[in-house]
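Asks: Just to be clear, the model below is a prediction. Sequence and coordinates:
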Amino acid sequence: MRKVAWVVVSVAAVLSLAVVAWPQSGTVSAKPPKAKVVANVKVAIAEKSYTFISGGLNRAYEVIAPVTGLPASAPVIVVLSGIGATIAGEVSRDDLVPYVTSDQAELVYPAGFDESWNAITCCGAAAARNVNDEAFLEALVPRIDPGHARPVYLVGYSNGGRLAYRMACTVPDLFDAYTIVKAGPPPGCGLRKPVTILQVASVNDPEVPYRPGDHGLANEPLPMTTLVSDLQRTQKCPARGTARQSGQMTLTIWSGCAGGTRLGFAVWPGGGHAFPGPPANHPAAAQVIWSFFTRTRFAPLPK
């Protein structure tokens, strides 16, 4: 069964954006080089809703893409929401739509079971019913990218982040790279092969501990600094990463990990357990995620 709902969001326009070239050194730089101005095109986009049967359940997802289509190389970004969030709420929270309106990407938002994901020991109705969300995502990817012709990336926030870790552990080749926002892996989740992964954290997160000695939820016992150190070791990353600072955020990237993968660790000093978005957080997590996935220079959100 397929349902289609069209929402035309904008008209064509040309905007100027300041693109910041990040320093390429092993030290933190507080002052990035002078910005370079480039042109960006804003296009009309549409939202389409689809459903299919998975695990005996009617599962839904929404696609947000330019009306006229994208280049074959443009990535598809799948976003797993936090618990209790509608798709509309997650779209508003993560600020990734500007990469669609600027004709650079397609977004896919799967709908959780009763607004939750089964990430093993967590969370909500999906975990209580033992919903097979892994099978749902495995069936989803060929529908949104037949033949795996384009890069497909996975972003998960909180409860959705735990499921994203579960996918990285059980079916690592399903997605080309992962971003986990303020969540750790479920119990027994050990990476079977190296994957490119960006971990997003806040020092003052009350639910996910940042360093040893911090307190979080019972199902999030692993501190983020310990987790990243473990990933650095198991993925055979270099001993030293490249640290870069922009506004409130510090990003460390280890390139040249096993199998040509990369590991990233983006840390904000504040923000609690919220998704780092503007204007409270500078830069926004969306900017960091896009730069990491596409290996492009860090830039402001498209307008």
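Replies: Thanks, I have the structure now.
Asks: what does the model give Pro279 for pLDDT?
Replies: Listed pLDDT for Pro279 reads 81.
Asks: you'd agree Arg244 is up against Phe265?
Replies: No - look at Arg244 against Phe265 with C-beta atoms under 8 Å: they stay out of range, at 11.0 Å. For glycine as for every other residue, the C-beta is placed from the backbone atoms N, C-alpha and C.
Asks: so what sits against both of the two?
Replies: Common neighbours of Arg244 and Phe265 are listed as 251-253 (criterion: C-beta atoms under 8 Å, 6 or more residues apart in numbering).
Asks: which one of these is nearest Leu301?
Replies: Leu251 (16.1 Å; C-beta to C-beta).
Asks: roughly how far apart are the closest one and Pro283?
Replies: 9 Å (C-beta to C-beta, to the nearest Å).
Asks: which residues in the stretch 201-303 of the chain form helices?
Replies: 224-234, 285-294 (DSSP state H, counting those that start in this stretch).
Asks: which one of those is the most hemmed in?
Replies: Greatest average neighbour count among the helices of the stretch 201-303 of the chain goes to helix 285-294 (a mean of 23), per mean count of other C-beta atoms under 10 Å.
Asks: Residues contacting that helix, please?
Replies: Taking C-beta under 8 Å, 6+ apart as the rule, helix 285-294 contacts 75, 77, 94-96, 98-99, 105, 151, 153, 155, 177, 179, 181, 198, 200, 249, 251, 253, 262, 264, 266, 275-277, 296-301.
Asks: switch the cut-off to 6 Å
Replies: For helix 285-294, the surrounding residues in contact (C-beta atoms under 6 Å, 6 or more residues apart in numbering) are 95-96, 99, 153, 177, 179, 198, 200, 264, 266, 276, 298, 301.
Asks: ok, back up a step: quick one: which of the helices of the stretch 201-303 of the chain is nearest Asn58?
Replies: Nearest to Asn58, of the helices of the stretch 201-303 of the chain and by C-beta to C-beta, is helix 285-294 at 29.8 Å.
Asks: C-alpha coordinates for the closest one, PDB please?
Replies: Extracted as PDB, the C-alpha positions of helix 285-294 are listed here (Å, rounded to 0.1, in the frame of the first residue of the first chain):
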ATOM      1  CA  ALA A 285      24.800  18.900  14.900                       C
ATOM      2  CA  ALA A 286      23.400  18.900  11.400                       C
ATOM      3  CA  GLN A 287      26.400  20.800  10.100                       C
ATOM      4  CA  VAL A 288      28.800  18.400  11.700                       C
ATOM      5  CA  ILE A 289      26.900  15.400  10.500                       C
ATOM      6  CA  TRP A 290      26.900  16.600   6.900                       C
ATOM      7  CA  SER A 291      30.600  17.500   6.900                       C
ATOM      8  CA  PHE A 292      31.500  14.100   8.400                       C
ATOM      9  CA  PHE A 293      29.300  12.100   6.000                       C
ATOM     10  CA  THR A 294      30.300  13.900   2.900                       C
END
